[in-house]
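S.K.: here you go, sequence then predicted model.
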Amino acid sequence: QVQLVESGGGLVQAGGSLRLSCAASARTFSSYTMGWFRQAPGKEREFVGAISRSSSSTNYADSVKGRFTISRDNAKNTVYLQMNSLNPEDTAVYYCAARLEWIFTGQTMGAQYHYWGQGTQVTVSS
């Protein structure tokens, strides 16, 4: 069982930045691909990005490419989502998720992730 706890959400003005963190309980954190998803009110959950076990590979949704960066620190069992140039369309609850896989697939489907955090709210004002 893996427990994931997100933090770092909040209210920011358009054009601003936020850094989300997701702390994992797993002793084998480095065995998991880590993903970030988001869900805006009235919308389906959508993929934001994912990072491979060793940080060698990443995959991003087109809507955030060039603005968001995922990183991880396996020594700290933590994955990060650096969000720059935020706009109101980025307002959502952001979730981190863990997927146990040997080879990075850049998986974009939430159903393919095995563990989820409780989410953290990000609100971008115009």
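M.R.: The structure has been received and is ready for your questions. Residues are numbered from 1 along each chain as shown.
S.K.: just checking, Ser30 touches Ser55?
M.R.: No - if you go by CB atoms under 8 Å, Ser30 and Ser55 don't touch, sitting 9.7 Å apart. Where you see a C-beta, it was placed from the backbone N, CA and C, and this is true even at glycine.
S.K.: which neighbours do these two share?
M.R.: Listed as contacting both Ser30 and Ser55 by CB atoms under 8 Å, 6 or more residues apart in numbering are Asn74.
S.K.: show the contacting residues for the residue lying closest to Leu86 once chain neighbours are set aside.
M.R.: Nearest residue to Leu86, sequence neighbours excluded (CB to CB, 6 or more residues apart in numbering): Val124, at 4.6 Å. With contacts defined as CB under 8 Å, 6+ apart, the neighbours of Val124 are Leu11, Val12, Gln13, Ala14, Gly16, Leu86, Asn87, Pro88, Glu89, Asp90, Thr91.
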